[in-house]
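Q: okay, structure incoming, though there's no sequence with it:
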């Protein structure tokens, strides 16, 4: 009797520890992010995965101790719902929030043509021996495979293969349409095909073969005769899945896709003209040649594409390459022309610093501030005016000279700024 009480206490400790892990993860991340703004962005993948894994482990241990006390696996069965919720939450996080969000931003064109993205990837492998996006295909196939085990055991109505296929298809639709709305990804019909393919193919292996029986023995303890080979097979399966998921996650989130970007004219036959390469939030980038069938774009000195082919790719593929490093790293290339999307103010000055200040009525944002030292020793301060709201405001720029004891405003320039109903920005200096 005392043994059972201790087992129940241990069970409650494990369940309580699972909650503490979530709270500790949340509070520590909040505190560290408050001190270092980049902490969450740099570590969010590891934080989410480690937190979810530890919560599942401690919850499982809690149900094991409860089973040893009561000889009833009801707690283990109930916890399957928790595992499913945690898993879907993690999947939803990585597909919608891990890469940033843009709510109701439909600027990126979705793909409604089946097998278009898959075909492009196959062509890359055949024509250029590029295997980067093969990782995305493998990851998309694997990402929902655990549903082949979880759905039939958690949702009683999913009791046959047609219902399982329908449930998986609905799940992938929800994920893809949420990406369309939240803006954390791009809607792609091929993602629905690949996401559904994994669990649909694995369904019979899990539920009609020995693998499902082994998982039931380990996770549900529905058979007291657990053999060593069952445990060994379970460990091997976990290791294989962990390595596959880990490789895909590492390659996708941590591999530096674009730490170096180069456009190369290998034929030395540049025909002078502007060729659009890409864009970021504030600028468009052009290469100063138009002979596209002779130009190559190269990432990290190894991933090489014919520029014409790359420009014809979907925006989703381009976003993958540019997400780890801004395309603005190309601005030092002499053959690259950069054009601002919005009006840009440039001011030459000799003082140590310039401090821009906006009036209360803010209809614009100042971005991409740059200071350039000219040959004559003067400096040029430039920034662009990005419209936010329709209206009129004033922009005051104070030139400040700093000394050891105080600061002195040596000159002030004021601009009148108007944003019209078409969100075009006009400005003039007020004398």
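A: Looks like it arrived, so ask away. Keep in mind that this is a model prediction, so the values were computed, not measured. Residues are numbered from 1 along each chain as shown.
Q: just give the number of residues close to residue 125.
A: 13 (other C-beta atoms under 10 Å). For glycine as for every other residue, the C-beta is placed from the backbone atoms N, C-alpha and C.
Q: could you look up the SS state of it?
A: Three-state assignment for residue 125 (DSSP: H, G, I helix; E, B strand; the rest coil): helix.
Q: use 28 as the first number from now on
A: In the new count, where the first residue is 28, that last one comes out as residue 152.
Q: mean confidence for the longest helix seen in the chain?
A: Counting by DSSP state H, the longest helix found in the chain is helix 29-62. What helix 29-62 shows for mean pLDDT is 86.
Q: check which helices and strands the next helix or strand after it sits against.
A: As assigned by DSSP states H and E, the chain's next helix or strand after helix 29-62 is helix 66-97. Packing contacts for helix 66-97, counted by 3 or more C-beta pairs under 8 Å, 6 or more residues apart in numbering; DSSP states H and E, involve helix 29-62, helix 101-123.
Q: 10 Å instead, please
A: Applying 3 or more C-beta pairs under 10 Å, 6 or more residues apart in numbering; DSSP states H and E, we find helix 66-97 packed against helix 29-62, helix 101-123, helix 237-246, helix 255-276.
Q: tell me the buried residues in it?
A: Residues of helix 66-97 classed as buried: 66, 71-72, 74-76, 78-79, 81-83, 85-94, 96 (neighbour count, 16 or more other C-beta atoms under 10 Å).
Q: by how many degrees do that helix and helix 255-276 diverge?
A: Put simply, helix 66-97 runs at 170 degrees to helix 255-276, going by axes from the mean of the first three to the mean of the last three C-alpha atoms, to 10 degrees.
Q: any idea how far residue 170 is from residue 205?
A: 14 Å (C-beta to C-beta, to the nearest Å).
Q: mean confidence (pLDDT) on stretch 314-323, please.
A: On average, stretch 314-323 scores 69.
Q: can you give me the first-to-last residue distance of that stretch?
A: 11 Å (C-alpha to C-alpha, to the nearest Å).
Q: stretch 120-137 too?
A: 20 Å.
Q: if you average pLDDT over it, what comes out?
A: Rounded mean pLDDT across stretch 120-137 is 69.
Q: for stretch 101-111, same thing?
A: For stretch 101-111, mean pLDDT is 89.
Q: go on, stretch 75-87?
A: 90.
Q: thinking again about what came up before, so which of the helices and strands packed on helix 66-97 comes closest to residue 448?
A: Nearest to residue 448, of all these, is helix 101-123, at 33.3 Å by C-beta to C-beta.
Q: on contacts alone, who are the packing partners of that closest one?
A: Short answer (3+ C-beta pairs under 10 Å, 6+ apart): helix 101-123 packs on helix 29-62, helix 66-97, helix 174-181, helix 188-209, helix 216-234, helix 237-246.
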